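Student: My questions are about this predicted structure, shown below with the sequence.
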Amino acid sequence: MSSDSGFRCGRCGAPLEVSPETIVSICSYCGYPNWIREDLKSDIYIVENVVEEEAVKAARRYVGISSIDRPLTLFIPFYIVEAKADADYEALVRVTVQKCVRDSRGRTRCMSESVRVSVGGVLRGFHRRYPIAARKGVRGKTVEILSKYISSSSLRSIKLSEANLDKSKSRSILMIDLSRDDVRDLALDKHLDALRKKVEDEITREAKVKASIHGTPVSANILRRRITPRNIDVIISTPVLIPLYIFADEEGKYKVVLSGWDLKPLILEKPVSFIYRAAWFSAGVLVSGFAGGVVGFTSFYEFNPVLSLIAMVLGGVGSWYSVKKALRPVRVVVEV
């Protein structure tokens with residue numbers, strides 16, 4: 001990224017930060033959106049943020065300390081994609097069913113058998129919303145959680161040209177370097193994957209219903225499938241700038257990530273408390289004790305090496321996980 005590339009703001013003449021992939025560069029001095037790719041030009045919208053003072057109060061309240069001060073404020077460009085599709089499908093499924101009968105002495109005997117079932121049909125109107133960051137370098141857990149929250153939120157935005165942007169806000173806006181075509185491909189991949197998963201779940205459900213005449217369905221395995229997407233419709237919004245507040249204390253022990261428009265806590269990082277450590281240590285002791293009890297019980301009556309091995313492995317894994325939780329320095333809480 002460079003500001004000495006010859007690109008200057010069309011409004012104030014200030015140098016612009018531009019990379020070879022930049023589509024829109026927001027002037028850090030006056031907030032004017034400069035379209036480097038004029039052929040892709042469209043309106044840009046912004047979701048206005050809650051004032052910083054209120055965000056600071058909220059962050060302090062969430063973590064219970066007053067040493068958290070000014071946040072890093074970002075306006076991350078997103079495209080909001082609405083995708084809809086139908087799918088024709090047919091499949092051959094092997095379903096394992098269980099039959100239980102009671103003999104003349106009142107004893108219950110259960111037997112399992114596999115049956116093959118053919119299913120087919122049409123799934124209609126499968127719809128999903130995909131907020132996709134319009135900046136290639138912006139990825140990771142925070143953006144993933146923010147995207148999830150955006151998909152379930154009602155956002156109120158205004159045109160960037162009508163927003164009252166001060167210099168600090170202008171410098172917080174990230175560049176746009178993904179086009180609508182790029183976003184369409186990403187959203188389509190996501191939607192088709194989700195569609196296939198939905199259809200496979202429907203195939204499994206239908207197969208179990210059909211196989212239930214033979215017994216109680218226990219499991220299902222799809223042997224062969226054909227899934228054909230139909231009537232795919234993808235609608236992509238103009239770029240929307242989404243505000244985000246990121247707080248951290250001076251020692252780096254606390255971190256708070258808030259949505260900028262309603263101060264929803266997305267991620268909270270806190271030092272692990274003594275009570276939290278004690279609880280996980282206690283859980284580790286209980287798991288180890290339970291596993292040891294199972295081994296001792298089976299050895300006392302009739303030694304079962306398989307059951308004993310399973311108990312020891314589960315006990316070891318449970319203890320390791322509990323100790324790992326107890327010894328970590330920071331506890332991360334995802335709120336969405």
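Tutor: It's in.
Student: which residue packs closest to Arg109, ignoring adjacent ones?
Tutor: Counting by Cβ to Cβ, 6 or more residues apart in numbering, the nearest residue to Arg109 once its immediate chain neighbours are dropped is Val101, at 5.8 Å. Quick note: C-beta positions are derived from backbone N, CA and C, even for glycine.
Student: now for the helix or strand where the one you found lies, which elements pack on it?
Tutor: Element membership of Val101, judged by DSSP states H and E, is strand 72-102. Counting by 3 or more Cβ pairs under 8 Å, 6 or more residues apart in numbering; DSSP states H and E, the packing neighbours recorded for strand 72-102 are strand 108-133, helix 141-151, helix 167-170, helix 180-211, strand 216-236, strand 240-248.
Student: which stretches of this structure have low pLDDT?
Tutor: The chain contains residues with pLDDT under 70 at 1-5, 252, 271-336.
Student: Kindly recompute the last result at 50.
Tutor: Applying pLDDT under 50 to the chain picks out residues 1-2, 4, 274-277, 280-281, 291, 295, 300-301, 303, 311, 320-330.
Student: domain ranges for it?
Tutor: Split into domains by automatic domain parsing, the chain comes to 1-41, 44-83+129-189+235-262, 85-125+193-226, 274-334.
Student: With mean neighbour count as extra columns, can I get the ones you listed in TSV?
Tutor: What follows is these, written out as TSV (neighbours: other Cβ atoms under 10 Å):
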stretch	mean neighbour count
domain 1-41	16
domain 44-83+129-189+235-262	18
domain 85-125+193-226	14
domain 274-334	14
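Student: Redo these as CSV? Include distance to Leu268.
Tutor: Formatted as CSV, the domains of the chain follow (distance: least, Cβ to Cβ, whole Å):
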stretch, distance to Leu268
domain 1-41, 30
domain 44-83+129-189+235-262, 6
domain 85-125+193-226, 29
domain 274-334, 4
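Student: how far away is the residue nearest to Arg109 from His214?
Tutor: From Val101 across to His214, the span is 13 Å (Cβ to Cβ, to the nearest Å).
Student: how about the nearest residue to Ile80, chain neighbours excluded?
Tutor: Distance criterion Cβ to Cβ, 6+ apart; nearest residue to Ile80, sequence neighbours excluded, is Ser237 at 4.2 Å.
Student: repeat for Cys30
Tutor: Distances taken as Cβ to Cβ, 6+ apart put Cys12 closest to Cys30, at 4.5 Å, once the chain neighbours are dropped.
Student: Do I have it right that that neighbour meets Tyr29?
Tutor: Yes: here Cys12 lies in contact with Tyr29, judged by Cβ atoms under 8 Å, at a distance of 5.6 Å.
Student: so Leu223 makes contact with Leu92?
Tutor: Yes: at 4.8 Å, Leu223 and Leu92 qualify as touching, with contact defined as Cβ under 8 Å.
Student: got any residues that touch both of the two?
Tutor: Arg116 (Cβ atoms under 8 Å, 6 or more residues apart in numbering).
Student: Give the other helices and strands that the helix or strand Val257 falls within contacts.
Tutor: Assigned by DSSP H and E, Val257 falls within strand 255-259. Here strand 255-259 touches helix 52-63, helix 141-151, strand 240-248, strand 265-271, going by 3+ Cβ pairs under 8 Å, 6+ apart.
Student: TSV for the ones you listed, including distance to Gly120?
Tutor: Formatted as TSV, those follow (distance: least, Cβ to Cβ, whole Å):
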stretch	distance to Gly120
helix 52-63	51
helix 141-151	31
strand 240-248	40
strand 265-271	42
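Student: which residues touch Ile158?
Tutor: Taking Cβ under 8 Å, 6+ apart, one finds Tyr45, Ile46, Glu48 in contact with Ile158.
Student: Could you tell me which of those residues are located in strands?
Tutor: For the contacts of Ile158, membership in strands holds for Tyr45, Ile46, with DSSP state E as the criterion.
Student: just to revisit the earlier point, rebuild the helices and strands packed on strand 72-102 as CSV, extending it with distance to Asp69.
Tutor: Converted to CSV, the helices and strands packed on strand 72-102 look like this (distance: least, Cβ to Cβ, whole Å):
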stretch, distance to Asp69
strand 108-133, 27
helix 141-151, 20
helix 167-170, 15
helix 180-211, 36
strand 216-236, 38
strand 240-248, 8
